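Visitor: Below are the sequence and a predicted model for it; my questions follow.
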Amino acid sequence: MKPERHEEEGRRKEEEEARRGDIDPIAEEQIKTRFRKESVCEDYVDSRTGYFVYDSVTSTQTGMTTLGDSTDGLNLCVSRLNLDNYEKNPDGGNGHLPSHPDRSKRLPFNTDNMGARVLKYFKKRLPVIQWTKQYNKEDIVSDAIAGITVGLTVIPQGIAYAIVAGLEPQYGLYSAFMGCFVYCIFGSSKDITIGPTAIMALMTEAHASYGPDYAVLLAFLAGLIILSFGILQLGFLIDFISVPVIAGFTSAAAITIASGQVKSLLGLSIEEKSHLHLGIVDGWIDVFTYIKTTRWEDALLGIICSVLLLSLRSLNRTNWFKTSDNPDEGIQTLFNKLSPTGQKVLSKSVWFVCTARNAVVVVICAMMAGFINPECVDVMDAMKEGNYTGNATCMWTLTGKIKTGLPPLKPPPFSTMSGNSTVPFGEMAQQLGSAIIVIPLIAILESVAIAKAFAGGKPVDASQEMIALGFCNIFGAFVSSMPTTGSFSRTAVNAASGVKSPFGGLFTGGLVILCLAFLIPFCAFIPKATLAAVIITAVIFSVEYEVVMPMWKSKRLDLIPAMTCFLVCLFYELELGILAGVVVQLLFILYHTARPGVHVQIKKVSGSQQEYLYIAPDQGIVFPSVSYVRNLINKAGMRQAGPNVPVVIDCSQINTTDFTAAKGFKAMLSDFSERNTEVYWLDPSPSVAHTLKSIAQGNFKAIFGDIELGEGARGGSLSPVPQVSPATAPLLNRGGQQPADLEKV
């Protein structure tokens, strides 16, 4: 029956019903529609209580049942066309029916209330509009305390991470304030702080060696890619980086960062570096080669700072300064004897010192260096320039002079100078290489993971987080920032400080700007051993050794991509390491796709001796796996099936298939047909049935529901009974026997 005839008869019946009063006249225009065939169905029942057949893959609004009267054995999902609900969905009775006969003349999109939808979109992408409506004075106080606390943490970390990246110390501070400001506008998490991190610094180091312009351009390009991912909602790409690969990457990065700081911790003087290109091996070769140049003053200070930082970290996790009805003997007992005011003051003081331990230790050491050797900074600068003629010595190796003042506001460098020649943008991008893709992925991974960790069970808009992070890096590049992302340690400090909104970042960024404007001369007295201790104690806890045993107990195969990523990152390069881990993981996925599990078993219909060969693949069958599955089914069929033993392929786990697989199954069905063996497909989904039937044609025989023994069949052939059953459709028939109990396949 042609579609035009369907349409004509449908309109005529609807007009007759309207004239009889069976349907409201107002609805008459809304239900006049041209019906479309949406699946492999050949006809539909057009009546008030009839069924409209369509492709159930796109069905989202209506219920389904089973229509068992198709003559070719292919049962299709159907949806009742409820004409009484037209008011609930005036644009289409069940989401698949066009509501107006001239719909094709309408625009491909609905222009109604477009302005409202655009406004709604911008409100969604500007979270600052939402949280400022409930903002109050108490929130400002909480955000100020949290922001200043985070600022005291990020200042020493920023200087330290700039050194890790091979940049001058001020670049760490340049990277620490713009992200805080931008995230206030676009960020959706109140806890996250954006700035320099150890992993971003380490991944920038290889390219910053060509000059700071490369690091700034890398931040800009990374921001563009992250922003594009957010707008296009491509965050699913991060899902291809599995937990084992992430664990291997972060562990290797932490060990690499800590190993790189050993020379500063011991005060070594390394004249010539090793160039074996073996990752951390080069660094340790340099350490042992020049171990005799160790300065005991730097080594002693570095060890003391490390012990102090670790002790303060542990102290912050004890219950010594918390009230309790049953206090432990010792410090907690003494603490509980204090007055409530004294308990509150002491508890807050200990918490602040422990939380801002990096800043406390750095300030103390800088003050010590300034009082003991006030002229040391000038001496070190003169030594670097080679024009120092005195005999003064410094007790500790200091950071040295740092460029004072705010960074200039200028576009990112799309070209740079190398000697007397200009390096164009193309060569700079070529020099950055894979980092242009890898660094954005790692930045997204860190930031989104932190947002989820501190969301408190609430849903996280990953696309919005990517948009915010992208803008942070783009705008940061205008103030000479290196690539930045969310920091887990500073986010934890922010949350523990009682932050109420992203507005706390304004205070953090303001404190960094204050430091750049007025406090930079004092930062020159920070000992390098102290900064090394800050970095080492911050990253050693990123080594995820605790995931090894759970992976060993659950699925040992996951250790392969984890160890691949770990070893390549550790002994070669970080970018190639994470790519190697992802490639190994994808190879496992592809192998699993190409070699699905197939369960083969001889079964009997309940209540009879009728046997059938039951075959159940455990996943979708697509082109890499079709030859394997076809050969396996053929072998099983040749050994165990026959004219009196049909084959039943359970399709309940086959959620997808493709043209190549359908061609392979067509050839398989021909092989079985030559051996007079019937093949039935049990419970195929509409999309799978459509693909297979389109290629196999009449050889494709689908059956649905439970298997039972019915009457009317001859010999060993099986055929679906053409009737509708609400629970099941009788499928297997044997002559001269009564229906037996059902056996669920």
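Guide: Great, that's in hand.
Visitor: Just give the nearest non-adjacent residue to Met482, would you?
Guide: Counting by C-beta to C-beta, 6 or more residues apart in numbering, Ala215 is the residue found nearest to Met482 once chain neighbours are left out, at 4.3 Å. For glycine as for every other residue, the C-beta is placed from the backbone atoms N, C-alpha and C.
Visitor: Surely that neighbour is in contact with Leu167?
Guide: Yes - using C-beta atoms under 8 Å, Ala215 and Leu167 qualify as a contacting pair, with a distance of 6.2 Å.
Visitor: Now for those two: what residues contact both?
Guide: Shared contacts of Ala215 and Leu167, defined by C-beta atoms under 8 Å, 6 or more residues apart in numbering, are found at 204, 208, 482.
Visitor: you'd agree Phe240 is up against Val584?
Guide: No - contact criterion C-beta under 8 Å: Phe240 and Val584 do not qualify, at 11.8 Å.
Visitor: related to what we said a few turns ago, how about the contacts made by the residue nearest to Met482?
Guide: Listed by C-beta under 8 Å, 6+ apart, the contact partners of Ala215 are 165, 167, 171, 204, 207-208, 482-483.
Visitor: possible to save those residues as CSV with pLDDT?
Guide: Listed next are the contacts of Ala215 as CSV, based on pLDDT from 0 to 100:
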residue, pLDDT
Ala165, 92
Leu167, 93
Tyr171, 95
Thr204, 92
His207, 90
Ala208, 90
Met482, 95
Pro483, 95
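Visitor: After the helix or strand encompassing the residue nearest to Met482, which helix or strand is next? Please name it.
Guide: Assigned by DSSP states H and E, Ala215 belongs to helix 212-231. Proceeding N to C from helix 212-231, the next assigned helix or strand is helix 243-260, under DSSP H and E.
Visitor: after that next one comes which helix or strand?
Guide: On the C-terminal side of helix 243-260, the closest following helix or strand by DSSP H and E is helix 262-266.
Visitor: tell me what that following helix is packed against?
Guide: Applying 3 or more C-beta pairs under 8 Å, 6 or more residues apart in numbering; DSSP states H and E, we find helix 262-266 packed against helix 280-289, helix 296-315, helix 528-539.
Visitor: quick check: angle from the first one to helix 243-260?
Guide: Angle, helix 280-289 to helix 243-260, by axes from the mean of the first three to the mean of the last three C-alpha atoms, to 10 degrees: 20 degrees.
Visitor: Give me the buried positions along helix 280-289.
Guide: Using 16 or more other C-beta atoms under 10 Å as the test for burial, helix 280-289 gives 280, 282-284, 286-287.
Visitor: just how off-centre is it within its chain?
Guide: Centroid displacement of helix 280-289 relative to its chain, using C-alpha atoms, centre = their mean, to the nearest Å, is 36 Å.
Visitor: can you check the second one too?
Guide: The gap between the average C-alpha position of helix 296-315 and the chain average comes to 36 Å, counting by C-alpha atoms, centre = their mean.
Visitor: buried sites along it?
Guide: Counting neighbours by 16+ other C-beta under 10 Å, one finds that the buried residues in helix 296-315 are 297-298, 301-302, 305-306, 308-310, 312, 315.
Visitor: any chance of those residues in a markdown table, with distance to Ser501 and pLDDT too?
Guide: Output for those, formatted as a markdown table (distance: C-beta to C-beta, whole Å; pLDDT from 0 to 100):
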| residue | distance to Ser501 | pLDDT |
| --- | --- | --- |
| Glu297 | 45 | 92 |
| Asp298 | 42 | 93 |
| Leu301 | 39 | 94 |
| Gly302 | 38 | 94 |
| Cys305 | 34 | 94 |
| Ser306 | 35 | 95 |
| Leu308 | 33 | 95 |
| Leu309 | 30 | 93 |
| Leu310 | 32 | 94 |
| Leu312 | 28 | 92 |
| Leu315 | 29 | 90 |
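Visitor: among those residues, which two are most distant?
Guide: Greatest spatial distance among the buried residues of helix 296-315 (C-beta to C-beta): Glu297 and Leu315, at 26.8 Å.
Visitor: Quick one: classify Asp325 as helix, strand or coil.
Guide: Classification of Asp325 by DSSP: H, G, I helix; E, B strand; the rest coil places it in coil.
Visitor: what's the neighbour count on it?
Guide: 5 (other C-beta atoms under 10 Å).
Visitor: separation between it and Val345?
Guide: Here Asp325 is placed at a distance of 21 Å from Val345 (C-beta to C-beta, to the nearest Å).
Visitor: Output the lowest mean pLDDT helix or strand found in the protein.
Guide: strand 65-67 (a mean of 31; mean pLDDT, DSSP states H and E).
Visitor: Give me the distance from stretch 119-131 to the chain's centre.
Guide: Mean C-alpha position of stretch 119-131 versus that of the full chain (C-alpha atoms, centre = their mean) differs by 23 Å.
Visitor: now swap in stretch 523-534 and tell me
Guide: Distance of stretch 523-534 from its chain centroid, counting by C-alpha atoms, centre = their mean, is 35 Å.
Visitor: So for it, mean pLDDT?
Guide: Stretch 523-534 carries an average pLDDT of 91.
Visitor: Now do the contacts for the nearest residue to Ala462 once chain neighbours are set aside.
Guide: Ranked by C-beta to C-beta, 6+ apart and with sequence neighbours excluded, the top spatial neighbour of Ala462 is Gly235, at 4.4 Å. Residues near Gly235 by C-beta under 8 Å, 6+ apart: 229, 444, 448, 462-463, 466.
Visitor: In space, what's closest to Ser670 - neighbours in sequence excluded?
Guide: Spatial nearest neighbour of Ser670, excluding adjacent residues (C-beta to C-beta, 6+ apart): Asn699 at 7.0 Å.
Visitor: list the contacts for that neighbour?
Guide: Going by C-beta under 8 Å, 6+ apart, Asn699 touches 666, 669-670, 673, 679.
Visitor: just Asp683 next, same as before
Guide: Contacts for Asp683 (C-beta under 8 Å, 6+ apart) come out as 650-652, 703-705.
Visitor: how close does Lys337 sit to Val629?
Guide: When distance is defined by C-beta to C-beta, Lys337 is 75 Å away from Val629.
Visitor: In terms of neighbours, single out the busier of the two.
Guide: Set side by side, Lys337 and Val629 show more neighbours around Val629, with 22 against 9, by other C-beta under 10 Å.
Visitor: That one reaches Gln619, doesn't it?
Guide: No - taking contacts as C-beta under 8 Å, Val629 lies outside contact range of Gln619: 10.1 Å.
Visitor: Now do the shared contacts for these two.
Guide: Pro596.
Visitor: Return the member of the contacts of Gly235 nearest to Met178.
Guide: Distance to Met178, by C-beta to C-beta, is smallest for Met466 among those, at 17.3 Å.
Visitor: Test my guess that the closest one contacts Ile444.
Guide: Yes - contact between Met466 and Ile444 holds when scored by C-beta under 8 Å: they sit 5.7 Å apart.
Visitor: Next, show the common contact partners of those two.
Guide: Any residue near both Met466 and Ile444 by C-beta under 8 Å, 6+ apart counts here, and that gives 226, 229, 235.
Visitor: Rebuild these as JSON lines, extending it with distance to Ser606.
Guide: Below are the shared contacts of Met466 and Ile444 laid out as JSON lines (distance: C-beta to C-beta, whole Å):
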{"residue": "Ile226", "distance to Ser606": "59"}
{"residue": "Phe229", "distance to Ser606": "54"}
{"residue": "Gly235", "distance to Ser606": "49"}
